[in-house]
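1. Task: produce atomic coordinates for the following.
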Amino acid sequence: EEVCEPYLVRAGMMARTARGRVATTTAWRHLGLEPPETAVGLR
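-> Below is the predicted model:
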């Protein structure tokens, strides 16, 4: 976790929020999934 997290944050796949770490819209789409309306980074 300590190794992957910085990479994923820099790549825009994860975001640090007050709730903890969350997947961004970019991550959802990379996995071939439709992001939920509450996803971080909606464009």
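
2. With adjacent residues omitted, what lies nearest to residue 26?
-> Using CB to CB, 6 or more residues apart in numbering and skipping the chain neighbours, the partner closest in space to residue 26 is residue 12 (4.8 Å). The way it works is simple: take the backbone N, C-alpha and C, and place the C-beta from them, glycine included.

3. How about residue 17?
-> In space, residue 17 is closest to residue 40, 6.8 Å off (CB to CB, 6+ apart).

4. What segments of the protein are helices?
-> 4-10, 25-30 (DSSP state H).

5. low pLDDT regions in this protein?
-> Within the chain, the stretches with pLDDT under 70 are 1-2, 41-43.

6. circling back to that earlier point, quick check: which of the helices of the chain is nearest to residue 16?
-> With CB to CB as the criterion, residue 16 lies closest to helix 4-10 of the helices of the chain, at 6.6 Å.

7. elements contacting that closest one?
-> With contacts defined as 3 or more CB pairs under 8 Å, 6 or more residues apart in numbering; DSSP states H and E, helix 4-10 has these neighbours: strand 14-17.

8. what are the pairing partners of the strand it packs on, and which direction each?
-> Strand 14-17 has its sheet partners listed here by DSSP bridges as strand 20-23 (antiparallel).

9. buried stuff in the partner strand?
-> By neighbour count with 16 or more other CB atoms under 10 Å, strand 20-23 contains the buried residues residue 23.

10. so how far is that strand from its chain's centroid?
-> Offset of strand 20-23 from its chain centre (CA atoms, centre = their mean, to the nearest Å): 6 Å.

11. ok, now stretch 29-43?
-> The answer for stretch 29-43 is 8 Å, by CA atoms, centre = their mean.

12. In that stretch, which residues are buried?
-> 35, 39-40.

13. Just the C-alphas of it, formatted as PDB.
-> Extracted in PDB, the C-alpha atoms of stretch 29-43 (Å, rounded to 0.1, in the frame of the first residue of the first chain):
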ATOM      1  CA  ARG A  29     -12.700   4.500 -16.700                       C
ATOM      2  CA  HIS A  30      -9.300   2.700 -16.800                       C
ATOM      3  CA  LEU A  31     -11.000  -0.300 -15.300                       C
ATOM      4  CA  GLY A  32     -13.700  -0.200 -17.900                       C
ATOM      5  CA  LEU A  33     -16.400   0.800 -15.400                       C
ATOM      6  CA  GLU A  34     -18.800   3.800 -15.300                       C
ATOM      7  CA  PRO A  35     -17.800   6.000 -12.400                       C
ATOM      8  CA  PRO A  36     -20.500   6.700  -9.800                       C
ATOM      9  CA  GLU A  37     -21.900  10.200  -9.500                       C
ATOM     10  CA  THR A  38     -19.900  10.800  -6.300                       C
ATOM     11  CA  ALA A  39     -16.500  10.000  -8.000                       C
ATOM     12  CA  VAL A  40     -13.700  12.500  -7.600                       C
ATOM     13  CA  GLY A  41     -12.700  14.400 -10.700                       C
ATOM     14  CA  LEU A  42     -15.900  14.300 -12.700                       C
ATOM     15  CA  ARG A  43     -15.400  16.200 -16.000                       C
END
